[in-house]
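Enquirer: Okay, sequence plus prediction incoming.
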Amino acid sequence: MNIKTQIQNIILEALKNLGIEASAITLEHPADLNNGDYSTNVAMAYAKQSSKNPRALADEIKSEIEKNLPKEISKIEVAGAGFINFYLSHDFFVDSIKDILNKGENWGKNDLSNGKKIMVEYTDPNPFKPFHIGHLMTNAIGESISRIVEFSGAKTVRANYQGDVGLHVAKAIWGMMKNPERDQENEQVSYLASYIGNCYAKGSDAYDNDENSKKEIDAINKKVYDKSDEEINKIYAWGREVTLLAFEEIYSLLGTKFNHYFFESIMAPIGEKIVRANTPNVFEESDGAIVFKADKYNPKLHTRVFITSSGLPLYETKEIGLTMTKFETESDLDLSIVTTAIEQGEYMKVVQQAISLMHPELEKKMKHITHGMMRLASGKMSSRKGNVVTGESLLRDSMDVVHEKVAERDLSSDEKENIAQTVGVAALKYSILRSSLGSDIVYDFEKSISFDGDSGPYLQYTAVRANGIHKKADGDGITAAYTDIPTDITVLEKNLYRFPEVVAYAYEQLEPHHIATYLTELASAFNSFYGNTVIANKNDPYAPYRVALVSAFHTTMQNGLYLLGIKTPEKM
RNA sequence: GCACCCGUAGUGAAAUGGAUAUCAUGCCUGCCUUCGAAGCAGUUGUUCCAGGUUCGAAUCCUGGCGGGUGCACCA
């Protein structure tokens, strides 16, 4: 049992002995460590009910608990308006360091989702279109959520859903047919993908501004669907393969491996069959199209078209096919999480309402997580307009900045390359994951690729410093031990033991930023300790304990960074 | 017009209904013969407005204001 639930149980027991029935109580960490390690407000919450004044009740609860005080708690104090503050004992903190070192890479895990199977869908870029910064954002968030879910004991399945049919494909193919000139020597998929991306931008522009081109693109769109034109089939197959390979390169840089790839071309007929089979009992005809009137079931929702009057299945229909396919592909799937930007929020509610009518058992198994938009300082970025800032360019730029920083270092070129990737990705991911999902991020290169203070590289750098201590300790023959321990417990120990609570909370909220915030506080506590103490000093009797403490810190930082999808380098 | 999301130091963010609202950045000052200065220590500056609920509100409710997103055949 962890210390938090232990204290909660003690309080519940005390309340019971005083004749107060409580089911759940809040126990929090006071902002100021002078107010203890844990604090509860129960005395204030139940004062009225038991017609006592809060401080008097707090005193009663305190003496009730003190009758049988566990060794983990050194003292209890009543403070303020009636807060009961708990101070953890010296032994508790020392034991928590041992516990961290024992658990190693399992440190921080919980069992909130033990035995469950959870699918997380994220990234969702479209073949033939550039990988833009929004995809980068969804990828960072989805990967982190996948890992947080994994730490809760669930089996995590990662999925990616990609739009390989539709007007955007026709626009790109039209662009390629009109602009065949490219560097024939350059076979790199990233180059070829950016060529296709440019063709898409040209096609998109022509579609909006030129009647003739619009007709040509519409004609290509039809041929892509019915596969009647050999030349178009060839271009389609090539373009699809090349862009998908380019995406794989990006996933590899970012550290994502998907278990399933779903494609719109496959989902469309599946969804269409379901929609037609459920018309008119769920869906209905209106103006020749098949629609779903979600407002019949929830006045906040609206009516949406699922199949057009010309018989083409729309996004909504494909989404139904996708959802049903997910539950068929992975048997016993307990939860299907989809991560997208807020734009998709309203559509998804309508789609989920329709699915819930057909399959009530799935209603609680679908969860849509939305995040804010990532935009450029100059306004909403748009790959359609051919804006040069793509997710990939951003990633490469970030890596280049790190490269320049380590250029003068005495490191092999492989090491430099490795560091550039690890640190560049960390800077980008952290700048996305540090804020709560709801808020928009205005993208500013200088700030997003920040390397000091509240940043990914700052966390990595702190871990590297801890590494440096280990190297020195090894050289001096200092090994972790718990014989001599300083009487003063530092802020570092007072933060370390909380890690599993933070992970559990991030899981309950499905909000990675709680981990980012915690790690930054932890790093700050470590750096402060590091700056004020010579740790690996042969002549210091406390050195073995402090080396253990540094180890515990490194383990916690490494596991925390893992949950953000960030690697911990050995040097940088 | 309706719906959803967001309004917190100059800037970017955090805060489970709790105690003096926290952190970073920026400005200024000091610290590299120590375990890496991508660091540390110090200094300065804030909850959109109006009501309500509560012992207690940045947080919950109502009404405004400002920004973003979406609302019938794009995804």
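Expert: Structure received. Numbers count the residues shown, from 1 in each chain, chains lettered A, B, ... in the order given.
Enquirer: Is A:T487 in contact with A:H90, as I believe?
Expert: Yes: contact criterion C-beta atoms under 8 Å: A:T487 and A:H90 qualify, at 7.3 Å. Placement of C-beta: from N, CA and C, glycine included.
Enquirer: So for the two, which residue has more residues nearby?
Expert: A:H90 (14 against 5; other C-beta atoms under 10 Å).
Enquirer: how much space between the more buried one and A:K71?
Expert: 10 Å (C-beta to C-beta, to the nearest Å).
Enquirer: Please apply the same query to A:I133.
Expert: Taking C-beta to C-beta, one finds A:I133 at 52 Å from A:K71.
Enquirer: So what touches whichever strand or helix holds A:K4?
Expert: Using DSSP states H and E, A:K4 sits in helix A:3-17. Helix A:3-17 is contacted from outside by A:1, A:21-22, A:25, A:27, A:38, A:40, A:42, A:46, A:61, A:64-65, A:70, A:72-73, A:84, A:86, A:88, A:92, A:497, A:501, using C-beta atoms under 8 Å, 6 or more residues apart in numbering.
Enquirer: Helices - which of the residues you listed land there?
Expert: Using DSSP state H, the members of these that fall within helices are A:42, A:46, A:61, A:64-65, A:92, A:501.
Enquirer: what does the stretch 301-450 of chain A put close to RNA strand B?
Expert: A:302-305, A:308-310, A:312, A:314-315, A:318, A:342-347, A:372-373, A:380, A:402, A:405-406, A:419, A:423, A:434-436, A:438-442, A:447, A:450 (C-beta under 7 Å from any atom of the strand).
Enquirer: Does A:K349 touch A:A294 like I think?
Expert: Yes: with contact defined as C-beta under 8 Å, A:K349 and A:A294 form a contacting pair (7.5 Å).
Enquirer: shared neighbours of the two, which are they?
Expert: Shared contacts of A:K349 and A:A294, counting by C-beta under 8 Å, 6+ apart, come down to A:L301.
Enquirer: quick one: which of the two has more around it?
Expert: It is A:A294, of A:K349 and A:A294, that has more neighbours when counted by other C-beta under 10 Å, with 21 against 16.
Enquirer: what secondary structure does the residue nearest to the more buried one when sequence neighbours are not counted sit in?
Expert: Using C-beta to C-beta, 6 or more residues apart in numbering and skipping residues adjacent in sequence, the residue nearest A:A294 is A:L301, 3.6 Å away. Of the three states, A:L301 takes coil according to DSSP: H, G, I helix; E, B strand; the rest coil.
Enquirer: doesn't A:M348 make contact with A:L301?
Expert: No: counting by C-beta under 8 Å, A:L301 stays clear of A:M348, with 10.6 Å between them.
Enquirer: picking up where we left off before, ok, so of the ones in helices among the contacts of helix A:3-17, who is nearest A:K223?
Expert: A:E501 (57.6 Å; C-beta to C-beta).
Enquirer: what's the neighbour count on the closest residue to that closest one other than its chain neighbours?
Expert: Computed as C-beta to C-beta, 6+ apart, the closest residue to A:E501 that is not its neighbour in sequence is A:K4, at 6.0 Å. The number of residues packed near A:K4 is 17, by other C-beta under 10 Å.
Enquirer: again, but for A:G456
Expert: 30.
Enquirer: Quick one: residues contacting it.
Expert: A:G456 neighbours (C-beta under 8 Å, 6+ apart): A:423, A:426-431, A:564, A:566.
Enquirer: now the residues you listed in JSON lines, with neighbour count and pLDDT?
Expert: Formatted as JSON lines, the contacts of A:G456 follow (neighbours: other C-beta atoms under 10 Å; pLDDT from 0 to 100):
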{"residue": "A:V423", "neighbour count": "28", "pLDDT": "95"}
{"residue": "A:A426", "neighbour count": "28", "pLDDT": "95"}
{"residue": "A:A427", "neighbour count": "22", "pLDDT": "93"}
{"residue": "A:L428", "neighbour count": "25", "pLDDT": "92"}
{"residue": "A:K429", "neighbour count": "27", "pLDDT": "94"}
{"residue": "A:Y430", "neighbour count": "27", "pLDDT": "94"}
{"residue": "A:S431", "neighbour count": "24", "pLDDT": "91"}
{"residue": "A:L564", "neighbour count": "25", "pLDDT": "97"}
{"residue": "A:I566", "neighbour count": "29", "pLDDT": "97"}
